[in-house]
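> I need the structure of the sequence given here:
(chains A, B and C)
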Amino acid sequence: MKPLREVGIVGWGSYIPKYRVKIEEIARMWGKRGEWVKDDLLIEEKAVNGPDEDTATMSVEAAKNALKRAKVNPKDIGAVFVGTESKPYAVKPTSTIVAEAIGATPYVLAADLEFACKAGTEALQCCLGLVASGMIKYGLAIGADTAQGAPADPLEYSAACGGSAFIIGSSPSEMVARLEGSASYVTDTPDFWRRPQQPYPSHAEAFTGDPAYFKHIREAVQALLSELGLKPSDFDYAVFHQPNGKFPLRIARQLGFTKEQLMPGYLVPWIGNTYAGSSVTGFSAVLDVAKPGQRVLLASYGSGAGSDAFSFVVQDAIIEKQPLAPTVKEYIERKEYIDYAFYAKYRGKIILS
Amino acid sequence: MNLSIPCYWREIPYRYRLEGVKCDNCGKVMYPPRPRCINCGSSKLSKYKLPETGKVLTYSVLYESPNGFEYNIPYVIAIIELDDGTKLLSQITDCPPDKVHVGMAVEAVFRRVATSGDKGIIAYGVKFRPISP
Amino acid sequence: MRKVAIISAGLTKISRHWDKSLQQLFAEALDKALASTKISKADAIFVGNMCAQDLSRQNNLGALIADYSGHLPATSIRIEAACASAGAAILTGYMAVASGLYDVVVAGGVEKLSEMNTKYVTEALGKASNVEYELFYGASFVSLNALMMKLYMETYGVDRTPFAEFAVLMHKNASVNPYAQLPFEITLDKALSSEYIAEPISLYDCAPIGDGAAVLIMCPLEEARKYADSFVEVAGIASATDTVDLASRDDILLLNSTKVAAEKAYKMAKIAPQDIDVVEIHDTFTIMGFVSLESLGVVERGKTPKYVKEGVFEKDGDLPVNPSGGLKASGHPVGATGAYQVAYLTLQLLDAAGKMQVPSPEYGLAQNLAGTASGSYITILKRAR
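Below you'll find the predicted structure:
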């Protein structure tokens, strides 16, 4: 999909909560050896929200960081999309809370999107379309989650909290990354899901691999490269969805991308899988360090299932905008370790009378 | 805890965006905003956006809470003096209670404050966290 | 405007009165007060109460009290000013008599905090704050006072010791007060080692939770002898307000409502602060006692710790403070407290305070506060000659 007009990112920002729980601490709870789990998942620790944080609060901070870099008037934002699978309300939009908190209301379009871990890039697609059509001046796309891991389930080691926000615009002088094109590949593939009233998601174990993650990303990226006439070596960076430390390394190899292209956006070992925040926060980390002229591949994956792939070319404005807000690296380095007891308390697993 | 929807809703702009008022007559800044100046009684007031950084003027660590805040115990309440001299009360977050100190530099963050039971609304507000060096 | 006298005081013991409702408790205090007068029925009742609707599910308390205390069809009005409800009721009673509209009135307060579990009491008491900007953030009433205490400690460089010393004095005074909820002495050690409620306020810095009713009978000063053998004069009475939320005040350690009301009351009584011989001040927490003294003009700013240590506030000291044991040890049945303060002073000025008696006081001052002093009600009583 190629836009008719110039469109791209004019501001970006992220938020990762400060609390971390180590893999071996979770393993200790269930009698597993921490070393085995870490080797299996290639994750060291994961980010956990504090008791007063949720997807709305994280989205607000990420959005404010994006606004600092974009330097636009919040009232000029014409759309706010929050992509998440951990909405604070099952019914009532998170996006209106965010829009109100940043001062984008009231003449704004707002909605919450759900597509498992690719809801953030869905939000990005929507904003790119609305801005490129000329219908709105700026759009705000957020991908964030406070993912719940079922106790004793393998996903408990990786389900983490965090998110990123992007302000989309069409003015070339404001752009830090111009969209070359995007491609989406979607099928009804039930690899991971949650029914209403269930506290934790369910998944189909190994089925979440080849028929799900690998197939959809591969198809979306190949469709993108084919449409744009590009090959992996044309890219300086490749960011993939990161459900664990191994999957992104493998898909990169399968598609012909190198470890060097992958590393700047590869965050999962230190923060875990932030679900709808995962690939977009990797992308944010790349924007924190990218140079004008470089090309970035962003490929998300959402269970259920699908992948959105984008090619962006970094623009001159990025240099002066990089220092205007905290970087992903700064958020990763700002941490306080908690034990399983506090992890359970902060994640609301303790029932009070 | 039983939150009134209209009561919560009408304070949203002041709580979410730290908006107060400034008296055009005597210059007094008020947060929360009032319809008349607490200093001179004038009704000529302008919208005023408070700064988002300041320092802790005084604080207390709570070990017993009003209804609805039990899960947060122990938590810290503080009066923060913002960069422009305006004072307001809120919680200190993202900081172990024993690390809070008078004079600590803090910044405003948007956070969950409470919920009205399992079925009611979520109340959001502004808390303050230490500014990372 | 007529001058007003207090001809009698009736008090119940402050404790958990499981067996009596609000209206029964008030009736008990009223009967006690009427007993020492030649009056069987008053023209009006002004009853202070803060928590009836929250803890007893009862509004319309004025009428209910007239009903249960045999005072139908007299005027009966419930007055709410948080913990100063009774002080406000006494001011209202004064205005009723001074204006000439009523002759004999009952002014007092009643509170039953034991009706529900502590967390509901905490929530109810928290409603004295600016609810949307203080209670909203989980600031319990205790924590608001703790903010003042921390600031006081930082500003004047004192630790918790002077506060604990004040608590020890309060308990010593209460140990001979037949109405007190906590009539026992405590050691300094016990006060200092008690657990924190809201740091730095610990258990022994706080008034206890209890029930009680206290009532004053008021009438025109000229006619007092018609109704009773002894009486005291209300020489000065005033009230003032301040911002409800603590953070909106310029000087958080100055109770401006107390300063303004006290100045008005001293002026009305034609005296200076030094002329006061005994005070009953609003020590919900030891810190509130300190800043109250410093806002009344009887102690210089920051000097309370020094005077506590020197024994200035003992019953035989230069300025006896809370010979009853104060809110800390006599008790704090919130909406009734202001009436207890004035009742204790009445007993003092009639030389009828028993073991609580301070030597021949001429003037007594009661200071009743709403919340963190968003309202102050000052009553100055004078010995009648």
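
> now do the contacts for residue A:26.
A:37, A:156-157, A:340, A:343 (C-beta atoms under 8 Å, 6 or more residues apart in numbering or on different chains). For glycine as for every other residue, the C-beta is placed from the backbone atoms N, C-alpha and C.

> just give me the closest of those to residue C:365.
Nearest to residue C:365 among those is residue A:343, at 55.8 Å by C-beta to C-beta.

> got phi/psi on the residue nearest to residue A:268 when sequence neighbours are not counted?
Spatial nearest neighbour of residue A:268, excluding adjacent residues (C-beta to C-beta, 6 or more residues apart in numbering or on different chains): residue A:242 at 3.8 Å. Backbone dihedrals for residue A:242, given as degrees, to the nearest 10, come out at phi -120, psi 80.

> what's the burial count for residue C:324?
27 (other C-beta atoms under 10 Å in any protein chain shown).

> for chain C, name the helix or strand with the lowest mean pLDDT.
helix C:118-126 (a mean of 91; mean pLDDT, DSSP states H and E).

> does any bit of it sit next to chain A?
No: judged by C-beta under 8 Å from any C-beta of the partner chain, helix C:118-126 and chain A are separated, with a smallest distance of 11.0 Å.

> let me know the angle separating whatever helix or strand comes next after that helix from helix C:118-126.
On the C-terminal side of helix C:118-126, the closest following helix or strand by DSSP states H and E is helix C:141-156. Angle, helix C:141-156 to helix C:118-126, by axes from the mean of the first three to the mean of the last three C-alpha atoms, to 10 degrees: 60 degrees.

> got the buried residues for helix C:141-156?
C:141-153, C:156 (16 or more other C-beta atoms under 10 Å in any protein chain shown).

> so where do the strands sit in the chain?
Looking at chain A here, since you left the chain open. Under the criterion DSSP state E, strands of chain A are mapped to A:8-15, A:19-22, A:45-48, A:77-83, A:109-113, A:138-146, A:161-169, A:177-189, A:192-193, A:202-203, A:237-240, A:295-299, A:304-314, A:336-337.

> let's do chain B instead
For chain B, applying DSSP E gives strands covering B:19-23, B:29-30, B:45-49, B:53-62, B:75-82, B:87-92, B:105-115, B:122-130.

> residues from chain B in reach of chain C?
B:1, B:7, B:11, B:30-32, B:38, B:57-70, B:72, B:75, B:77-79, B:87-91, B:102, B:113-114, B:123, B:125, B:127.

> and residue B:59, how many neighbours?
Residue B:59 has 25 nearby residues by other C-beta under 10 Å.

> tell me the secondary structure for residue C:367?
Assigned by DSSP: H, G, I helix; E, B strand; the rest coil, the conformation of residue C:367 is strand.

> return the residues in contact with it.
Applying C-beta under 8 Å, 6+ apart, the residues near residue C:367 are C:258, C:262, C:279-282, C:292, C:296, C:341, C:376-378.

> ok, the most centrally placed residue in chain B to chain A distance?
In chain B, the C-alpha nearest the mean C-alpha coordinate belongs to residue B:90, at 3.9 Å (C-alpha atoms, centre = their mean). Distance, residue B:90 to chain A, using C-beta to the nearest C-beta, to the nearest Å: 11 Å.

> now residue B:109
7 Å.

> surely that residue meets residue B:130?
No: using C-beta atoms under 8 Å, residue B:109 is not in contact with residue B:130, being 10.6 Å away.

> those two: which has the busier surroundings?
Neighbour count, other C-beta under 10 Å: between residue B:109 and residue B:130, residue B:109 has more, with 20 against 17.

> tell me how many other residues surround the nearest residue to the more buried one once chain neighbours are set aside.
Closest residue to residue B:109 apart from its sequence neighbours, by C-beta to C-beta, 6+ apart: residue B:129 at 5.4 Å. Counted with other C-beta under 10 Å, residues neighbouring residue B:129 total 18.

> which residues touch the residue nearest to residue A:7 when sequence neighbours are not counted?
Nearest residue to residue A:7 in three dimensions, chain neighbours excluded: residue A:132, at 4.1 Å (C-beta to C-beta, 6+ apart). By C-beta under 8 Å, 6+ apart, the residues touching residue A:132 are A:3-5, A:7, A:170, A:179.

> weed out the non-buried ones from those.
Buried among the contacts of residue A:132 by 16+ other C-beta under 10 Å: A:3, A:7, A:170, A:179.

> dump the residue contacts of the third one.
Under the criterion of C-beta under 8 Å, 6+ apart, the contact partners of residue A:170 comprise A:5-8, A:131-132, A:134, A:137.

> and the two most separated of these?
Maximum distance among the contacts of residue A:170 (C-beta to C-beta): 14.7 Å, for A:8 and A:134.

> out of the two, which sits in the busier spot?
Legend: neighbour count by other C-beta under 10 Å for residue A:8 and residue A:134, higher for residue A:8 (26 against 11).

> what parts of chain A come near chain B?
A:18, A:50-54, A:56-57, A:60-61, A:88-89, A:97, A:100-101, A:103, A:330, A:334, A:336, A:345, A:352.

> ok, chain C next?
Close to chain B, as judged by C-beta under 8 Å from any C-beta, chain C has residues C:118-120, C:122-123, C:126, C:130, C:132-140, C:142-144, C:146-151, C:154, C:195-201, C:243, C:245-248, C:252.
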